[in-house]
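J.: Pasting the sequence and the predicted coordinates here, then a few questions.
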Amino acid sequence: MKVISLECEKCGSKLRFDKSTNRLICDYCGAEMLLIDEGNMGIENVFDAMEKSMFVMQKVDLQQNNQKKFNISNKILRYLAIGLLVLVLIIFLINIYDYIFAVIKSMI
């Protein structure tokens, strides 16, 4: 399916279709265009299909954003786990150092 993006001729903003008046309306500058159906497919059907495709595109964008957030969360968790392991290793090494120092001190 080909996605059609309609932009205002005056300001370039996106246009919104008003089904009750069969007009394209620019919410930014207020420009309006009347649509006349000259083909077999009604104007409302065309814009219904466009709205559905835009909904699908928004859903895909939302899924991609959620995937990005999930990837970022995984990275944060990975770094936290690595940081925790390094902290445990440092504590372990300090304890070994204290033990070795105590053994050597007791020998002297």
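T.: That came in fine, so what should we check first? Remember, it's a predicted structure, so these values are computed and weren't measured experimentally. Residues are numbered from 1 along each chain as shown.
J.: Return the helix or strand in this protein with minimum mean pLDDT.
T.: strand 32-34 (a mean of 75; mean pLDDT, DSSP states H and E).
J.: which residues of this structure score low on pLDDT?
T.: Counting by pLDDT under 70, the chain has low-confidence residues at 1-5, 34-62.
J.: how about the helices of it, start to end?
T.: 43-107 (DSSP state H).
J.: Contacts only, for the closest residue to S13 other than its chain neighbours.
T.: Counting by Cβ to Cβ, 6 or more residues apart in numbering, S13 lies nearest to Y28, which is 3.8 Å off, once chain neighbours are set aside. The way it works is simple: take the backbone N, C-alpha and C, and place the C-beta from them, glycine included. Counting by Cβ atoms under 8 Å, 6 or more residues apart in numbering, Y28 touches C8, C11, S13.
J.: How much space separates Y28 from S20?
T.: According to Cβ to Cβ, to the nearest Å, Y28 and S20 sit 20 Å apart.
J.: I94 too?
T.: With Cβ to Cβ as the criterion, I94 and S20 are 75 Å apart.
J.: And M107, by the same measure?
T.: For M107 relative to S20 (Cβ to Cβ), the value is 95 Å.
J.: Repeat that for E32.
T.: Distance, E32 to S20, using Cβ to Cβ: 13 Å.
J.: just I100 next, same as before
T.: For I100 relative to S20 (Cβ to Cβ), the value is 85 Å.
J.: got it, and I96?
T.: 79 Å.
J.: Please say which of those two ends up with more neighbours.
T.: I96 (10 against 5; other Cβ atoms under 10 Å).
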